[in-house]
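Structure for this input, please:
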Amino acid sequence: MDTGLSGKRVLVTGASGGIGGACARAFAAEGAEVVAHFHQGRKRAEALGAAVVVGADLTREDEVDRLFAEAGPLDICAAVAGVWPSEDQPVWELPLERWRATLDANLTASFLTARSFLRQLDGEGALVLVGSTAGIFGEAGHADYAAAKSAILGGLLLSLKNEVVRKSPRVRVNAVAPGWTESPMTRGHVSEEQVLRISRTMALRKVAQPEDVARQVVVLASPTLSGHVTGQIVTVAGGMEGRVVHDDA
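Residues are numbered from 1 along each chain as shown. Reported below is the predicted structural model:
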């Protein structure tokens, strides 16, 4: 099926990560010209064979401006970059420094990416944000991450999809919300025993692969497959209905 992405110029942020790398490969497979962003994983980003590879700290306004200047004119942006702090810390023990850092790495980075993408967009285009099931169901020990992702899937997504049509009536903004996905960010947290526990509210009792998420990003970015879809969240989590609260239940 033709996705209409051939020849489109696509920026994938966080392309050095598991989901970001899978997105870059998936867009390239559709004939898109990919600009791969990285923060620290230069070698992983360069190995993707993207047309352009650019490093930037997405929490810094000046570096985001430089990223988009080097990226050139874009049709599509997949705002994948984000950080999940692996250490469980309940709110009463959560340092303000980590709270601010997590919101910056996820929410602020998504805002700055979306702003710069939409500023340069001329005509039709698509922005795909990446949230998390943590933003839908919460995540004990990770309130900072859950709050950031909830803001992306709620206020930011729904505001953007209404604002962008004032700039161009055919621009679309959607989001994916991955659940547990096997990637460098979750390494050590998805063992067979852990999967049995975390999948107790999931119809499909397995962890997603990065490609599972990337395919949905491509579908939402496609002007032919999702040309009349905006402001929507596709949850890629095997039918998850909530979180396991008590380990001994």
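
Please make it C-alpha for all contacts and neighbour counts, starting now.
Will do.

Work out the gap between the helix or strand of the chain with the lowest mean pLDDT and the centre of the chain.
Within the chain, no helix or strand scores below helix 192-198, which has a mean of 72 by mean pLDDT, DSSP states H and E. What separates the centre of helix 192-198 from the centre of its chain is 24 Å, taken as CA atoms, centre = their mean, to the nearest Å.

remind me which residues of this protein are low pLDDT?
Within the chain, the segments meeting pLDDT under 70 span 183-191, 193, 196, 248-249.

tell me which element Gln40 falls in.
Assigned by DSSP states H and E, Gln40 falls within no helix or strand.

can you pull the buried residues of the helix or strand following the least confident helix or strand of the chain?
Per DSSP H and E, the first helix or strand lying C-terminal to helix 192-198 is helix 210-221. By neighbour count on 16 or more other CA atoms under 10 Å, the buried set for helix 210-221 is 210-214, 216-221.

What of stretch 103-121?
Going by 16+ other CA under 10 Å, stretch 103-121 has these buried residues: 103-114, 116-118, 121.

and the residues you listed, which of them are in helices?
103, 109-114, 116-118 (DSSP state H).

can you redo those as TSV with distance to Gln40?
Conversion of those to TSV gives the following (distance: CA to CA, whole Å):
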residue	distance to Gln40
Leu103	19
Ala109	15
Ser110	17
Phe111	20
Leu112	18
Thr113	17
Ala114	21
Ser116	21
Phe117	21
Leu118	25
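
between those, which is nearest Gly72?
Nearest to Gly72 out of those is Phe117 (CA to CA; 10.3 Å).

Please enumerate the strands of this structure.
Along the chain, the segments classed as strands by DSSP state E run 9-13, 33-38, 52-55, 76-79, 126-130, 172-178, 233-236.

Any idea which of those gets closest to Arg98?
strand 126-130 (20.5 Å).

quick revisit: next, give me the two most distant ones among the ones in helices among the buried residues of stretch 103-121.
That would be Leu103 and Leu118, which, of these, are the farthest apart (CA to CA) at 21.2 Å.

Tabulate the strands of the chain (JSON lines), appending mean neighbour count and distance to Gly154.
Output for the strands of the chain, formatted as JSON lines (neighbours: other CA atoms under 10 Å; distance: least, CA to CA, whole Å):
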{"stretch": "strand 9-13", "mean neighbour count": "28", "distance to Gly154": "20"}
{"stretch": "strand 33-38", "mean neighbour count": "27", "distance to Gly154": "25"}
{"stretch": "strand 52-55", "mean neighbour count": "20", "distance to Gly154": "28"}
{"stretch": "strand 76-79", "mean neighbour count": "27", "distance to Gly154": "15"}
{"stretch": "strand 126-130", "mean neighbour count": "27", "distance to Gly154": "11"}
{"stretch": "strand 172-178", "mean neighbour count": "26", "distance to Gly154": "10"}
{"stretch": "strand 233-236", "mean neighbour count": "18", "distance to Gly154": "9"}
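
CSV for these, including distance to Met202?
Converted to CSV, those look like this (distance: least, CA to CA, whole Å):
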stretch, distance to Met202
strand 9-13, 29
strand 33-38, 32
strand 52-55, 37
strand 76-79, 26
strand 126-130, 20
strand 172-178, 13
strand 233-236, 11
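
my read: Leu121 touches Asp75, true?
Yes: applying CA atoms under 8 Å, one finds Leu121 in contact with Asp75, separated by 6.8 Å.

got the buried residues for stretch 162-175?
The neighbour-count check on stretch 162-175 (16+ other CA under 10 Å) flags 162, 164, 170-175 as buried.

ah, wrong one, I meant stretch 234-246
Buried positions in stretch 234-246, judged by neighbour count with 16+ other CA under 10 Å: 234-238, 240, 242-243.
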